[in-house]
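A.B. asks: model this:
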Amino acid sequence: MPVPAVLSGPRRRSTRVARTLAAGLLGGALVATGAILPANAAVAPAVNTPADLPKQEPGVTLRTYSTPPLTELCTLKSGQTPNVDKLMSTIDWSTDEQFGAGDNFITHALANLTISTPGQYVFRLTSDDGSRLTLDGTQLIDNDGLHGAESVEGTVTLDVGVHDLFVEMFEATNGQQLTVEWKTPGSSSFTVIPNDVLSTEAGVVRVTAPGTKYCEGSTDSAGDGLRLDAVNPDYTLVNLRPEGFTPKVSGLAFLGNGDLAVLTTGSVNSGGWDTSTPGKVFVLKGAQAADGPEDVTVVEAAGGLLNPMGIDVIDDKIYVSERYQLTELSDTNGDGSYETKRKVAEYPSGNNFHEFAFGLIHDEDNFYVNLSVAIDNGGATTNPQPAKNRGTSVKIDRATGAISYVAGGLRTPNGVAFGPENELFAMDNQGAWLPANKLVNIKQDRFFNHYTNPAGPFDANPVTPPVVWIPQNEIGNSPSTPIMLKDGPFAGQMMFGDVTYGGLQRAFLEKVDGEFQGAVFRHSAGFEVGVNRVIEGPDKSLYIGGTGEGGNWGEAGKLTYGLQKLVPKTTQNTFDMTSMKVVEGGFEIEYTQPLSDETVANLATAYRAEQWRYLPTSTYGGPKVDEEILSLTSATASADRKTVTVTFDGLKQGRVVHLRSPQPFAAASGDKLWSTEAWYTLNSLPGYVSPADQGWYEAEEARLIGGAKFDVEHSGYSGAGFAGGLWQAGSAFEFTVNAEAAGTVPVNVRYSNGPNPAPGTKDVNLYVNGQNLGKWDFPSTGDWKTWATITRDMPLVAGANTIALKYESGNKGNINVDVLSIGTADICAPAQVEDGYRSLFDGTLESLNAGWRMAGPGGFGRQNDCSIRGEGGMGLLWHKAQELNEYSLKLDWKLIADHNGGVFVGFPDPQNDPWVAVNQGYEIQIDATDAADRTTGAIYTFQGADAAAVEAALKPVGSWNAYEIVVKGQTIKIFLNGTLVNDFTSTDPARDLSQGFIGLQNHGGGEAVSYRNVRVKDIDEPAPLAVTASAEVRCMAKKATLTVRATNTDTVPVDVTLTTAWGERVIPAVQPGATVFHTFTTRAVSVPAGEATVSATGDGRTGEATASYAAKSCG
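C.D. replies: From the prediction side, this is the model:
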């Protein structure tokens, strides 16, 4: 849609049309008075003097937080690290580079404002979108809400001294701005508050982290958006620690006589072994029968152990996995003291405080242990590793003590266990290459994505995805050894604790396409310590031991030691999710109790779901990427109301799916759901068709070596970010790409080469499949926000290839890389079209280039999903092959935000002038919000669409919608997703619809509309109405009845006539997609086979369908 030249800035909500017009007339900013403190308010005293403050430096602290889309300011959840934290001179920002983000973020500006002249000050806050200004803890200006650049003023009298200034703003989409000006006493004009009166603390460490940050929710509660805070009602919690017994538990096992063996960690610190307390083994008598600590007797059985992290019992021997060896403990004289030690096997040692040997289990032939890597204080993986082959899962021959390596790519694999089908499973904790915690299925030669230097024995193998991801801060922080439950309502599922998140969590696993995947649920809280070990005892109780250390490794507010048990109650029936199984298009959720009538009645609105994937990088942790809200398409309860099948639009494999059914969600008993959330790792989705390999490889997903890193500092990249950090010799970007056949193909690299550390052409060495092909020069792009593409032919083998860009001696390095692509072949196949239609754009580049021409500024680009998306403008992509007369034009379109586009019809050859279509044709508008004659379905400025029909038919922003535009004579009919929403007749001779071209609009910068599958059909004879029919004979009171059903599968309302041997029934105004029926009474005991007829009339057309029915006797 064209915009009158008087307007400036992006258009916003229709309720703001008048204000936006005023903003354009005033030079782009709407000015209002919004003072919370009136001009005659009491003088605001200074909150500080300069001497009260820590060391200062001039300027302002800017902090930007990436958020989901917002419509107003919110309070961020505490404890979240900003995505951007930097020192700025003043508060006058409008670019992506200044904010550190482009869309969907919150920015905070924090400063100390020094006043040397007392008096009345007028502040002016200009923002796009909403903002607030707070001075000395009191809100002075409120400029909140979705809007363009608008200004609001507030007046306050200030005293001499230092005042606390806090400004917050949010940005949705399109342009952004935050400017704070003032008018000082005696001044007549506004100026940006100068740098010399603004200050912030000097020398601070500015910590940032990637990922989405979230606002506080008013409906969150324990188990429903928040951690659990109590013991699961299915159990009774029993304390097992007699007074003075303070075990930091690292292992639990039962002896043959039923006594409980408790292993303790000893001191875990980075200072080394000399100052540490040794680990010990204690034997607890009476633990199974105990109702409290007074019933337990503790005996120390062994000591002098070096950070043992696993215990196992075989016959009369105890085995413990110490830091660097597997040790056998024996009681040779039967006095209960396991004084004899024997080294069974030795693990590789680098004398690093984090080199643990986690867990210990056995089968007939081997023991199994996981070895963690060495890390630095702070959590970074030590580079290089002081010992080889750490981060591995190992097996130890029980007879010989020989060690062999089973799998690698682990970081802090706290525990190993046998799970379903007696396979090995292990936990791993967030860190480098681990954007979240995970449960993995250990098998020979698998690699789990944590790279080390020197490389581990499995680093070159393909990455095996986790069985379940355990999202950081949502349901885990430091998960510990899993076990498989043998009894109770969750038998066969995995249970695991968490040292810092706390409590017990549960994992339901199922095998899909030959591999395990599944869901994690919260299970219980209320323990005295963060849980490090849990086992299921002979008495079916769960025995729980915990630990904690300095810093934040341990559950907040809890002890750093503990031992308790959960005794299952005779009746275990807490209302909870039993399982979450994947089905085609969704999930089957089983509950422990039947759902209530009210819950079943509201299932369509009971579930919320989102999906994302993770991007492992060499940096600690990592963000979620490709986050999407999922739209529930169905929710169906089983007959017993204990199972609900939910399906979602847009579900993708390779994602984590978070499902939540917020309160109220009750069982028939009245019990509320214990925990409302589940996290399903959807490695494989039945029925899902994976996209074909497009030859498109995001650099941030490449292997980043030697300091190379994922980054988002500079805008304009593809995907989730780009690869940077190519700052020193030894750093590299290594891509794994696929080629269908051997040969030399063009390989394209999109890159940025800015002025640091020096301007000009830079180079790296190019390696293909390990062979050095020499230097590759990358010309300067001027700055780091400018991207360019360079191409070079490379010899590839059929199948997998590695392409590496390496900074080596003699190279200049220091380039950023966004994406690498292979060859020139098209990645899209032609879209299928209905009979009678011909494609104008079928998704292929050939169809785009052959039939279409760009008029005016901007352009369209073909996307990886085979759509085209407009950029810049205002321009027009018009189909030049022929003028059309009477026709049906069909296409799909999608908005990603409240943007603007349109489809033009009936205009003459525009040459290179898009305004020919505006002035001599008609635009069918695409716009989520605006005036009635300028929103989706409208003939722009001529006739608005049927608002109710549009509301009923329109799919939300982010979804594909379908238009059918029927041009006949001087009329235009617009169908939105099959619903007639506009019927327009042209009376303007200058806009003759009898002949003309069609085109697609790109509206302007920042406006992105996608189109796909554009096809057209000439209208000659009217097509018959589309209806379907079915018929069925049933018995009622031993008499036969005939029920005839008709469905309107056309796009217009129809009158339907049902005709049978027993009469006729007319049903008027049957809407598109609707099904109607009538039951005819035969008064006969039996009827022979026959046929019913359904006829339809409407829109000047007719249609007919028949339905056969079988003979039936009711006698």
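A.B. asks: just checking, Pro242 touches Val296?
C.D. replies: Yes. Between Pro242 and Val296 there is a contact at 5.6 Å, judged by CB atoms under 8 Å. From N, CA and C alone the C-beta is placed, and that goes for glycine too.
A.B. asks: Between these two, point out the one with more neighbours.
C.D. replies: Set Pro242 next to Val296 and count neighbours by other CB atoms under 10 Å: Val296 wins out with 22 against 16.
A.B. asks: The more buried one: what's it in contact with?
C.D. replies: Neighbour list for Val296: Leu240, Arg241, Pro242, Leu284, Lys285, Gly286, Ala287, Ala290 [criterion: CB atoms under 8 Å, 6 or more residues apart in numbering].
A.B. asks: So which residues make contact with stretch 389-399?
C.D. replies: For stretch 389-399, contacts defined as CB under 8 Å, 6+ apart pick out 326, 344-345, 347-348, 350, 355, 362, 364-374, 402-411, 413, 416, 424, 426, 442, 450, 452, 456-458.
A.B. asks: Go again with 7 Å.
C.D. replies: 326, 344-345, 348, 355, 362, 365-374, 403-411, 413, 416, 426, 442, 450, 452, 456-457 (CB atoms under 7 Å, 6 or more residues apart in numbering).
A.B. asks: got it, and stretch 1066-1082?
C.D. replies: Residues from elsewhere that reach stretch 1066-1082, judged by CB under 7 Å, 6+ apart: 978-979, 1039-1048, 1050-1058, 1060, 1062-1063, 1065.
A.B. asks: try it again with 6 Å
C.D. replies: With contact meaning CB atoms under 6 Å, 6 or more residues apart in numbering, stretch 1066-1082 is reached by 978, 1040-1048, 1051, 1053-1058, 1060, 1062-1063, 1065.
A.B. asks: cool, and stretch 64-76?
C.D. replies: In contact with stretch 64-76 (CB under 6 Å, 6+ apart) are residues 82-84, 99-101, 104-107, 130, 144-146, 170, 172, 212-213, 215-216.
A.B. asks: Identify each buried residue in it, please.
C.D. replies: Thr64, Tyr65, Ser66, Thr67, Leu70, Leu73, Cys74, Leu76 (16 or more other CB atoms under 10 Å).
A.B. asks: Mind putting the residues you listed into CSV with secondary structure, distance to Pro384 and pLDDT?
C.D. replies: Converted to CSV, those look like this (DSSP: H, G, I helix; E, B strand; the rest coil; distance: CB to CB, whole Å; pLDDT from 0 to 100):
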residue, secondary structure, distance to Pro384, pLDDT
Thr64, strand, 35, 95
Tyr65, strand, 36, 90
Ser66, strand, 34, 85
Thr67, coil, 39, 83
Leu70, coil, 45, 82
Leu73, coil, 47, 96
Cys74, coil, 45, 89
Leu76, strand, 39, 78
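A.B. asks: Closest one to Leu805 out of those, please.
C.D. replies: Ser66 (28.1 Å; CB to CB).
A.B. asks: So what pairs up with the closest one in the strands?
C.D. replies: Applying DSSP bridges to Ser66 yields these beta-bridge partners: Phe105.
A.B. asks: One more: Thr736?
C.D. replies: The partner residues for Thr736, given DSSP bridges, come to Thr802.
A.B. asks: neighbours around it, how many?
C.D. replies: Residues lying near Thr736 (other CB under 10 Å) number 15.
A.B. asks: For Thr184, see how far away the nearest residue to Asp159 once chain neighbours are set aside is.
C.D. replies: Nearest-residue entry for Asp159: Pro45, 4.8 Å, with adjacent residues in sequence omitted and distances by CB to CB, 6 or more residues apart in numbering. Separation of Pro45 from Thr184 (CB to CB, to the nearest Å): 18 Å.
A.B. asks: These two: which has the busier surroundings?
C.D. replies: Shown here are Pro45 and Thr184; by other CB under 10 Å, Thr184 has more neighbours (17 against 11).
A.B. asks: Could you report the distance from that one to Lys973?
C.D. replies: In terms of CB to CB, Thr184 sits 62 Å off from Lys973.
A.B. asks: do the same with Gly292
C.D. replies: Relative to Lys973, Gly292 is positioned 79 Å away (CB to CB).
A.B. asks: neighbour-wise, which of those two wins?
C.D. replies: Neighbours around Gly292 and Lys973, counted as other CB under 10 Å, are more numerous at Lys973. The numbers are 18 against 11.
A.B. asks: The residue nearest to Asp159 contacts Val160, correct?
C.D. replies: No. In this structure Pro45 lies outside contact range of Val160 using CB atoms under 6 Å: 9.2 Å.
A.B. asks: For Thr844, give me the pLDDT.
C.D. replies: Note for Thr844: predicted pLDDT of 75.
A.B. asks: Neighbours of it, how many?
C.D. replies: 18.
A.B. asks: With Phe123 instead?
C.D. replies: 24.
A.B. asks: if we look at the helix or strand hosting it, which residues are touching it?
C.D. replies: Assigned by DSSP states H and E, Phe123 falls within strand 119-128. Residues lying outside strand 119-128 but in contact with it, judged by CB under 6 Å, 6+ apart, are 29, 131, 133, 141, 143, 148-149, 151-158, 169, 175-183, 185, 190.
A.B. asks: what sits against the nearest residue to Arg124 once chain neighbours are set aside?
C.D. replies: Distances taken as CB to CB, 6+ apart place Glu181 nearest to Arg124, at 4.4 Å, with adjacent residues excluded. Taking CB under 6 Å, 6+ apart as the criterion, Glu181 is in contact with Arg124, Phe190, Thr191, Val192.
A.B. asks: same thing with Gly526?
C.D. replies: Neighbouring residues of Gly526 by CB under 6 Å, 6+ apart: Ala230, Val231.
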